[in-house]
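K.L.:
structure for this input, please:
(one chain, ligands or ions: 1)
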Amino acid sequence: MIIKPKGTMDITLEDAKIWKYVEDVIDSVMEKYNYNYIRTPIFESTELFHRGIGNTTDIVSKETYDFLDRGNRKLTLRPEGTAGVVRSYIENKMYGTCSLPVKVYYNGTMYRYERPQLGRYRELSQYGVEVLGSSDPMVDAEIISLALNINKMLGLKGNKAHINSLGDQESRDHYREALKKYFEPHLDDLCEDCKARFDKNPLRILDCKVDHDKEYFKKAPSILDYLNEESKKHFDKVCEYLDLLEVDYVIDDRIVRGLDYYNHTVFEINADIPSFGSANTLGGGGRYDTLVSQLGGPDTPCVGYAVGLDRLVMALKEEKIALPIKKDVDIFILYVNEDEKKNAIYLANELRMAGFVVETEYTNRSLKGQFKRADSFDSKYLILLNSEELKDGLITIKNNKTKQSDQVLLEYIIYYFEEHIGITDNDGEVETDYEEDK
Ligand code: HAM
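P.N.:
Numbers count the residues shown, from 1 in each chain. The predicted structure follows:
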């Protein structure tokens with residue numbers, strides 16, 4: 001038997017319905033915020049991620065799926081969505097053709113060669129937003145609020161934004177020096193990764209999963225004490241707008257994020273599910289004001305975030321949130337002989353095109369088997385096709401809850417269902433003009 005690759009998932013049946021529902025909610029909320037959907041390639045040139053995300057990050061140095069194609073091009077399966085969106089923004093000259101800021105969202109699979117564990121996969125799905133062309137802190141606040149609003153709309157409670165500021169280049173340079181000074185006496189005690197980070201990217205030491213509980217880690221200097229006036233002003237404004245939006249957030253000066261492109265605001269969206277461990281972080285993002293110019297475009301301040309759909313769905317299931325997922329079939333068409341079957345094929349098509357959810361029989365089950373299958377879909381109505389009735393242009397429709405039957409002329413069938421479906425109350429009682437007329 002061939003099995004799926006390590007770190008990948010099949011999303012099937014009931015789970016697939018949850019995913020679809022979540023994606024539909026995301027689409028509808030994005031529409032309200034006027035974000036445009038964007039699709040970029042799943043693979044990009046390897047150089048994009050090296051230059052964009054940073055050579056020293058774990059994602060690029062250890063986790064990318066790199067390959068040479070048959071034309072010897074160096075390609076990489078995207079580990080995240082931001083670099084591709086920025087590449088597309090520059091390549092399509094959106095800065096010249098669109099009114100700024102450009103607000104886009106995406107939803108797709110990303111690939112990271114990580115050790116698979118709870119909420120951590122090698123093929124993962126993210127939805128994300130990127131706003132390109134505004135440095136206004138109102139955008140930082142808006143997207144943090146947007147991420148939490150989507151989770152709220154899905155029914156997740158107790159989600160919190162953890163926010164921090166990495167400041168501008170000047171603030172970060174000062175902080176980097178202070179951190180190096182602080183960690184220098186502990187250098188021998190640091191893990192091998194952090195020893196390497198010490199010179200290349202000391203901020204990333206704060207993100208260490210091995211040593212972060214050690215006392216001297218907790219006492220490390222805070223970036224917030226190194227922000228210059230400009231950076232502090234930006235961060236204060238973000239907090240002011242978050243307060244205005246009544247966003248549930250905490251300031252967490254240990255958030256540095258695992259990608260190199262950030263400056264000013266960084267944040268993570270956390271669920272309130274302790275058993276999830278590090279998978280409790282549903283999403284993260286921040287400002288990346290220099291990435292566009294770094295990749296060859298004009299100076300363009302940007303901000304964005306991404307949420308892991310795998311973790312979001314996991315959280316919904318863990319919290320046992322009842323989602324309004326439509327499970328039932330409107331009409332199930334039953335038949336026995338070839339003549340009835342042809343009518344079933346024809347009617348199913350007509351009714352589906354009229355907007356109803358229609359199921360029928362495909363494997364020659366007995367009528368008893370067909371009734372059972374119709375029940376398995378919670379079918380609201382049954383059409384019981386009968387050759388004798390069909391000769392007179394009639395069909396029998398049965399309400400599968402009340403068991404009440406009606407004989408209806410074939411040409412009125414759509415009218416019948418328009419009258420009955422969608423206004424059936426919870427008891428299966430049908431209140432319609434049609435009934436009043438009877
Ligand atoms: P990130 O923090 O690397 O940010 O990923 C965002 C979210 O993707 C994580 O919080 C997590 O939910 C999910 N995720 C990451 N890795 C995995 C994995 N191996 N398995 C399952 N889920 C995972 C970014 O990707 C940035 N591009 C976000 C951003 C957008 N920043 C600015 N704009």
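K.L.:
now check the top helix by length along the chain, is it near the ligand?
P.N.:
Identified as the longest helix of the chain according to DSSP state H is helix 13-32. No: Helix 13-32 is not in contact with the ligand by Cβ under 6 Å from any ligand atom; minimum separation 13.1 Å. No exception for glycine: its C-beta is placed from N, CA and C like everyone else's.
K.L.:
list the buried ones in that helix?
P.N.:
Of all the residues in helix 13-32, those buried under the rule 16 or more other Cβ atoms under 10 Å are 18-19, 21-22, 25-26, 29-30.
K.L.:
can I get those in a markdown table including pLDDT?
P.N.:
Compiled in a markdown table, those are given as follows (pLDDT from 0 to 100):
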| residue | pLDDT |
| --- | --- |
| Ile18 | 97 |
| Trp19 | 98 |
| Tyr21 | 97 |
| Val22 | 98 |
| Val25 | 98 |
| Ile26 | 98 |
| Val29 | 98 |
| Met30 | 98 |
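K.L.:
need those in JSON lines with distance to Cys239, can you?
P.N.:
Output for the buried residues of helix 13-32, formatted as JSON lines (distance: Cβ to Cβ, whole Å):
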{"residue": "Ile18", "distance to Cys239": "34"}
{"residue": "Trp19", "distance to Cys239": "34"}
{"residue": "Tyr21", "distance to Cys239": "33"}
{"residue": "Val22", "distance to Cys239": "29"}
{"residue": "Val25", "distance to Cys239": "28"}
{"residue": "Ile26", "distance to Cys239": "26"}
{"residue": "Val29", "distance to Cys239": "23"}
{"residue": "Met30", "distance to Cys239": "25"}
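K.L.:
flag every residue of this structure that's near the ligand.
P.N.:
So the chain meets the ligand at 80-82, 112, 114, 119-121, 124, 126, 128, 130, 258-259, 281-286, 288, 304-308, 310-311 (Cβ under 6 Å from any ligand atom).
K.L.:
tell me which of the residues you listed fall in helices.
P.N.:
Per DSSP H, the subset of the residues of the chain next to the ligand in helices is 82, 310-311.
K.L.:
from the residues you listed, pick the one nearest Glu418.
P.N.:
Checking those against Glu418 with Cβ to Cβ, the nearest one is Asp310 at 40.0 Å.
K.L.:
for Arg112, give me its contacts.
P.N.:
Counting by Cβ atoms under 8 Å, 6 or more residues apart in numbering, Arg112 makes contact with 59, 63-64, 79, 122, 124.
K.L.:
in a markdown table, list these along with distance to Asp272.
P.N.:
Listed next are the contacts of Arg112 as a markdown table, based on distance: Cβ to Cβ, whole Å:
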| residue | distance to Asp272 |
| --- | --- |
| Ile59 | 27 |
| Glu63 | 28 |
| Thr64 | 32 |
| Pro79 | 27 |
| Arg122 | 27 |
| Leu124 | 22 |
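K.L.:
most neighbours out of the ones in helices among the residues of the chain next to the ligand, which is it?
P.N.:
Arg311 (26 neighbours; other Cβ atoms under 10 Å).
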